[in-house]
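J.: structure for this input, please:
(chains A and B)
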Amino acid sequence: MRENHRGLGLFTLLVYVFLLGPLLIIGVASFEPGTILKFPPQGFSLKWYQHIFEVEMFMKTFQTSVLVSFMGNVLALLLGIPAAYALSRFSFKGKDTWNAIFISPVLIPGIVLGFMMLKYLIVAYQLPIYTALFVGHTVIMLPFIIRVIASSLSNFDFSVEEAAHSLGAGHLRTFFTIVLPNIRSGIIAAVIIAFLESFNNVDISVFMTGPGVSTLPIQMLTYVENNFDPTIAAISVLLMIFTAILMFVIERMMGLSYFTKK
Amino acid sequence: MKNTYIYLLLLPGFLFLAVFMLVPILLTIGSTFFLEGSFTLSGYMQFFKDPYFLKILLTTLQVSLVTTALCVILGFPVAYYISKQSPRTKGVLLALAIFPLLTSPVVRSFSWMIILGKNGLLNRSLLALGIVDQPLDILYTPTAMMIGMVHLFLPLILITLVGVLENIDSDLLKAAESLGASKLKAFFKVIVPLSMPGLIVGSILVFVGSLTAYTTPALLGGKQLVVSTFLYQNAITLNDWNSASVIATIMIVVTFVVIALMNVIANKLNPKG
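T.: Residues are numbered from 1 along each chain as shown, chains lettered A, B, ... in the order given. Model (predicted):
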């Protein structure tokens, strides 16, 4: 068995090299001083990092991305927390159907959802592009918010809530003073996961661009089509650092085990 | 009273999804069956008669199938290895798999452009080693798409499988061995069947994911179209919304058929039945 495990260990190592090697390569290549992205780089320079801050579109689309993800998150929380509470607190007829409805945005192919939203939100409902972008992102964040919060509610002992009730506290009051503080870390994890989902989204955003409105991933795609300098590599490094920090917070809040549970 | 209360909690989220997602989906699907006010299937006939579209559909299915197979072949042994580690090592390995999953698909596909390009790392290594004397054209081919998508979806199947494998009682393996099964046989007769539900879920995620992925084919596929990039091209570049709606509907149907089919297979294979 030992022998066997050693072979398996080597195989695992190679698969991890495949998984993480490319990300490491971007990181190293981002320091290339020349105008064409190379690996290994021909020297060391931070000029492409500086370049990110000089290109107005990167700064602008970054702001749009953060703002849309943030506002979408707030709305998704307002809509999602009551739904998650109802779905995990009570048993009622048709609960599975309700669950399926709230999960459905992740089942519809993203690119399909994006096109349909372009057709209806922008053309039929005549929403401004910015609003459509925000609504679209809220739709795709909602399932993540509901799932993560429902899973942290399933660990909450509702008899505590009933105790508060029997002592005379109203529904709303128990919810805000007992339930909500108890699932605080679940909510933070949900917000981060939904934020990353929205911040990295291409499929919806690619249809919701217009004069002056675009998101960072879409701007990066456009840039790659026309340039092959190390700017995108430098942005990638910053985004990876950002992801690593958020991942660390998720780990602190509810553990990464959320990801292995389906 | 209680039910009214429940529905009041569910309603805001539901109405939002209904107005901004369900209605657009249903109206788009509906619109593909009507032309100038009368019912017709001509939109679909046109597509399924067109060899160009059939070729795109076929390429997409091929790429997705190979991606799924590769993810299972690479993912299963690794997930098994991870599930056997101490909690600490397991935690580190899982965190290293979750990190790429949370990293932008644009970043991840872009990294393969550096490696697979004409002057990329791979070609320069192969030239330096004298294995090839002309740089290979890998970038902007289905192969490049496949590599990018295996990279994209491998973490997904890894974490799904680890979740299932760590719940399999290792005494079962010992029992099988003590009854005379060889290690390999015990693995295939005990571990593989018990992990089937997780394997099916993971495969659905990968297959549907590659079937509908946009970023990776757009960056690594070049002019090579798959259904999702074809949908985008029809909608945005060609401004042909009728065709785009038909493609969108076909994609939804294919996705749901795949999910349903694999669920049926999962129920058949589930030893707990």
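
J.: when you work out contacts or count neighbours from here on, use the C-alpha atoms and nothing else.
T.: Fine.

J.: how about residue B:181, secondary structure?
T.: With DSSP: H, G, I helix; E, B strand; the rest coil as the basis, residue B:181 sits in coil.

J.: and it, what does it touch?
T.: Applying Cα atoms under 8 Å, 6 or more residues apart in numbering or on different chains to residue B:181 gives no contacts.

J.: and residue A:160, by the same measure?
T.: Contact analysis of residue A:160 by Cα under 8 Å, 6+ apart lists residue A:178.

J.: let's see it at 10 Å
T.: The contact partners of residue A:160, taken as Cα atoms under 10 Å, 6 or more residues apart in numbering or on different chains, are A:166, A:174, A:178-179.

J.: phi, psi of residue B:137?
T.: Its backbone dihedrals place residue B:137 at phi -90, psi 90, with angles given as degrees, to the nearest 10.

J.: for it, list the residues it contacts.
T.: Counting by Cα under 10 Å, 6+ apart, residue B:137 touches B:116-118, B:123, B:143-144.

J.: any idea which of those residues is least confident?
T.: Note: of the contacts of residue B:137, the lowest pLDDT belongs to residue B:118, at 86.

J.: so the residue lying closest to it once chain neighbours are set aside: helix, strand or coil?
T.: Excluding the flanking residues, the one nearest residue B:118 by Cα to Cα, 6 or more residues apart in numbering or on different chains is residue B:135, at 6.1 Å. Assigned by three-state DSSP, the conformation of residue B:135 is coil.

J.: near chain B too, which of the contacts of residue A:160?
T.: Restricting these to those within reach of chain B (Cα under 10 Å from any Cα of the partner chain) leaves nothing.

J.: which helix runs longest in chain A?
T.: Longest helix of chain A, by residue count under DSSP state H: helix A:56-89.

J.: what distance separates the helix or strand following that helix from the middle of the whole chain?
T.: Later in the chain than helix A:56-89, the nearest helix or strand by DSSP states H and E is helix A:95-107. From the chain centre to the centre of helix A:95-107 is a distance of 19 Å (Cα atoms, centre = their mean, to the nearest Å).

J.: next SSE downstream of helix A:95-107?
T.: Using DSSP H and E, the next helix or strand after helix A:95-107 towards the C-terminus is helix A:110-117.

J.: state the mean pLDDT of that next one.
T.: 96.

J.: quick one, it and helix A:95-107 angle?
T.: Relative orientation of helix A:110-117 and helix A:95-107, computed by axes from the mean of the first three to the mean of the last three Cα atoms, to 10 degrees: 90 degrees.

J.: can you tell me how far residue A:204 sits from residue B:152?
T.: According to Cα to Cα, to the nearest Å, residue A:204 and residue B:152 sit 18 Å apart.

J.: and for residue A:107?
T.: Taking Cα to Cα, one finds residue A:107 at 18 Å from residue B:152.

J.: where do the helices sit along the stretch 51-200 of chain B?
T.: Counting by DSSP state H, counting those that start in this stretch, the stretch 51-200 of chain B has these helices, from start to end: B:51-83, B:87-102, B:105-116, B:121-128, B:142-165, B:170-178, B:183-186, B:192-194, B:196-212.

J.: related to what we said a few turns ago, by neighbour count, which of the contacts of residue B:137 wins?
T.: Among the contacts of residue B:137, residue B:144 has the most neighbours (other Cα atoms under 10 Å in any protein chain shown), with 24 neighbours.

J.: how big is the angle separating the host helix or strand of residue B:25 from helix A:110-117?
T.: Under the criterion of DSSP H and E, residue B:25 resides in helix B:23-31. Computed by the same axes, to 10 degrees, the angle separating helix B:23-31 from helix A:110-117 equals 90 degrees.

J.: if we can go back for a sec, in terms of neighbours, single out the busier of residue A:107 and residue B:152.
T.: residue B:152 (25 against 17).

J.: hmm, residue B:110 and the more buried one touching each other?
T.: No: assessed by Cα atoms under 10 Å, residue B:152 is found out of contact with residue B:110, at 11.6 Å.

J.: are any of the contacts of residue A:160 buried, and which?
T.: Neighbour-count burial (16 or more other Cα atoms under 10 Å in any protein chain shown) is assigned, among these, to A:174, A:179.

J.: of all the helices of the stretch 51-200 of chain B, which one is nearest residue A:63?
T.: Residue A:63 lies closest to helix B:105-116 among the helices of the stretch 51-200 of chain B, at 17.9 Å (Cα to Cα).

J.: run the chain-centre distance for that closest one.
T.: Using Cα atoms, centre = their mean, the offset of helix B:105-116 from its chain centre is 18 Å.

J.: how about that helix, does it reach chain A?
T.: Yes: Helix B:105-116 lies within reach of chain A by Cα under 10 Å from any Cα, at B:105-115.

J.: want to throw these into CSV with neighbour count?
T.: Output for the residues of helix B:105-116 next to chain A, formatted as CSV (neighbours: other Cα atoms under 10 Å in any protein chain shown):
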residue, neighbour count
B:105, 23
B:106, 22
B:107, 26
B:108, 24
B:109, 25
B:110, 25
B:111, 23
B:112, 26
B:113, 24
B:114, 23
B:115, 21
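
J.: distance to residue A:14 and pLDDT added to the residues you listed, as CSV?
T.: Listed next are those as CSV, based on distance: Cα to Cα, whole Å; pLDDT from 0 to 100:
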residue, distance to residue A:14, pLDDT
B:105, 21, 95
B:106, 23, 95
B:107, 21, 95
B:108, 18, 96
B:109, 19, 95
B:110, 21, 94
B:111, 18, 95
B:112, 17, 95
B:113, 20, 93
B:114, 19, 91
B:115, 16, 94
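
J.: contacting residues for residue 16?
T.: You didn't say which chain, so I picked chain A. Residue A:16 sits next to A:10, B:78, B:93, B:96-97, B:155 when contact means Cα under 10 Å, 6+ apart.

J.: not what I meant, chain B
T.: Shown in contact with residue B:16 (Cα under 10 Å, 6+ apart): A:76, A:79, A:135, A:138-139, B:22.

J.: go on, residue A:57?
T.: Residue A:57 neighbours (Cα under 10 Å, 6+ apart): A:63, A:212-216, A:219-220.

J.: before we move on, what about residue A:173?
T.: Contacts of residue A:173 (Cα under 10 Å, 6+ apart): A:164-165, A:179.

J.: quick one: which of the helices of the stretch 51-200 of chain B is nearest residue B:28?
T.: Residue B:28 sits nearest to helix B:196-212 of all the helices of the stretch 51-200 of chain B, at 17.8 Å, using Cα to Cα.

J.: got the phi and psi for the nearest residue to residue B:117 once chain neighbours are set aside?
T.: Leaving aside its sequence neighbours, residue B:117 sits nearest to residue B:139 (Cα to Cα, 6+ apart; 5.4 Å). Main-chain torsions, residue B:139, degrees, to the nearest 10: phi -60, psi 140.

J.: surely residue B:139 and residue B:110 touch.
T.: No: using Cα under 10 Å, residue B:139 is not in contact with residue B:110, being 11.1 Å away.

J.: and residue A:201, that one's in a helix?
T.: No: Residue A:201 sits outside any helix when classified using three-state DSSP, being coil.

J.: and the closest residue to it other than its chain neighbours, how many neighbours?
T.: Spatial nearest neighbour of residue A:201, excluding adjacent residues (Cα to Cα, 6+ apart): residue A:217 at 7.2 Å. Neighbourhood size, residue A:217 [other Cα under 10 Å]: 24.

J.: just the buried residues from the contacts of residue A:57, in ChimeraX please.
T.: Buried residues among the contacts of residue A:57 (16+ other Cα under 10 Å), as a ChimeraX selection:
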select /A:213,214,215,216,219,220
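
J.: show me which of the contacts of residue A:57 is closest to residue B:185.
T.: residue A:220 (49.5 Å).

J.: list the contacts of the closest one.
T.: Counting by Cα under 10 Å, 6+ apart, residue A:220 makes contact with A:57-58, A:61, A:231-232, A:235-236, B:106-107, B:110.

J.: check which element follows the helix or strand that it is a member of along the chain.
T.: Using DSSP H and E, residue A:220 falls within helix A:216-226. Once helix A:216-226 ends, the next helix or strand along the chain (criterion: DSSP H and E) is helix A:231-254.
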